[in-house]
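Student: fold the following.
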Amino acid sequence: MTNMPAKFFAPTASLQTQLDQVLDTVWDTYPDLAQNQIAITWITYAPPYRMNTGGALSAEDFWQYQPEGASYRGVELIDPGNLAHLFYLVAIHVWLEQGMVQPAADTERAIANMIQQNSHDAASYLVDILAGVSSGPALPEGPMTTWQYQRNIVNRYFSQLGWLELRSININQKTWHEGPYGRELLFFGETFDNRNQLTAEAITRLLHSIIGGVSVTSRRSQSMMQLLKAQTEKTPTDSTDSGLPSPADVWQIATTEAQISHSAAYVEAEGIHPYLLIVLSEHAASTSTQDVVSLVNRLVFERSQLNFKTVNG
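Tutor: Below is the predicted model of the structure:
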């Protein structure tokens, strides 16, 4: 195991102050949004850029690099919605790379649809492939125990990476339009205590590894980046959508459901240093969580422009 710093980014007081100011604006704009209904992690990349290089750095060299960052409630567990698909994306590439799964047209189609269309059906199919078990009616206790063990295989993979940010996460559930049935419902638990749970910092580190070209392999990292870019280009980034201006290059995965709206985006544009921003917003009583995420995206982009001008004159 490569020796790595406990935290993959360097918390920076000046960036934290700016993030606090962004949050103050959010709460002034949306007073019904409680302070425990949002989580943000913001990572900035200064030159010489080590991101989006096609894997020019080795994994060992890459993980010695600590970008500056700031976080608010970044270690709080939150229902990730379709952002869980990012973890399934990495896992299926690991399985394919290691020969645990054989390449197939349906698998490639499901990978693309899961990211580009936020498809629950595609994600369900891939979770079945990853675990080697499928959904269905409730099972007796013995077979159910075996089935549950198999479904925890993705958790076991991410646990063995040894990343601090992944210690408390749970990523063993499918995503649903309406909800689980049969053995899937049993697996959730009576109070849904076994639901998927991720943190902003866990999502940040995983996406950071993809952008850095060190997730699985350089080639597979680039393939994942292409899917994230294609997903973003399918929904143009404008001020009424994501909060990011259309001239920006954005690699993003996002989800909006009844009570949550999340965004994980890597942004490059003229007049800024590249940055990675994860925004998780949930259960805002009379506020559109999508509007909250768009506002944060816009404010952080504006801060990034000001920071660039300050440094470069």
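Student: list the residues that contact the residue nearest the centre of the chain.
Tutor: Centroid-nearest residue in the chain, with C-alpha atoms, centre = their mean: Ile203, separated by 3.8 Å. For Ile203, the contact set (C-beta atoms under 8 Å, 6 or more residues apart in numbering) comprises Thr41, Pro80, Leu83, Leu86, Ala264, Ile278, Leu280. From N, CA and C alone the C-beta is placed, and that goes for glycine too.
Student: closest one of those residues to Ile171?
Tutor: Pro80 (8.2 Å; C-beta to C-beta).
Student: so what's the closest one up against?
Tutor: Asn196, Gln197, Leu198, Ile203, Thr255, His262, Leu280.
Student: wait, Ala230 touches Ile111, no?
Tutor: No. Look at Ala230 against Ile111 with C-beta atoms under 8 Å: they stay out of range, at 11.6 Å.
Student: neighbour count: those two, which is higher?
Tutor: Ile111 (23 against 13; other C-beta atoms under 10 Å).
Student: thinking again about what came up before, state the distance from the residue nearest to the centre of the chain to His85.
Tutor: Plainly put, Ile203 is 11 Å away from His85 if you go by C-beta to C-beta, to the nearest Å.
Student: cool, and Ser71?
Tutor: From Ser71 to His85 the distance is 22 Å (C-beta to C-beta).
Student: which SS state does the residue nearest to the centre of the chain fall under?
Tutor: helix (DSSP: H, G, I helix; E, B strand; the rest coil).
Student: tell me the pLDDT of it.
Tutor: Here the pLDDT value assigned to Ile203 is 98.
Student: now it: how far from Gln197?
Tutor: Applying C-beta to C-beta, the value for Ile203 to Gln197 is 11 Å.
Student: what number of residues lie near Ala104?
Tutor: So Ala104, with other C-beta under 10 Å, has 11 neighbours.
Student: can you pull the contacts of it?
Tutor: Counting by C-beta under 8 Å, 6+ apart, Ala104 has no contacts.
Student: how about the strands in this protein?
Tutor: With DSSP state E as the criterion, the chain has strands at 10-11, 38-44, 68-72, 249-256, 260-268, 275-282.
Student: the third one to strand 38-44, inter-axis angle?
Tutor: When you say that, I think you mean strand 68-72. With axes from the mean of the first three to the mean of the last three C-alpha atoms, to 10 degrees applied, the angle from strand 68-72 to strand 38-44 works out at 180 degrees.
Student: thanks again, I'm all set now.
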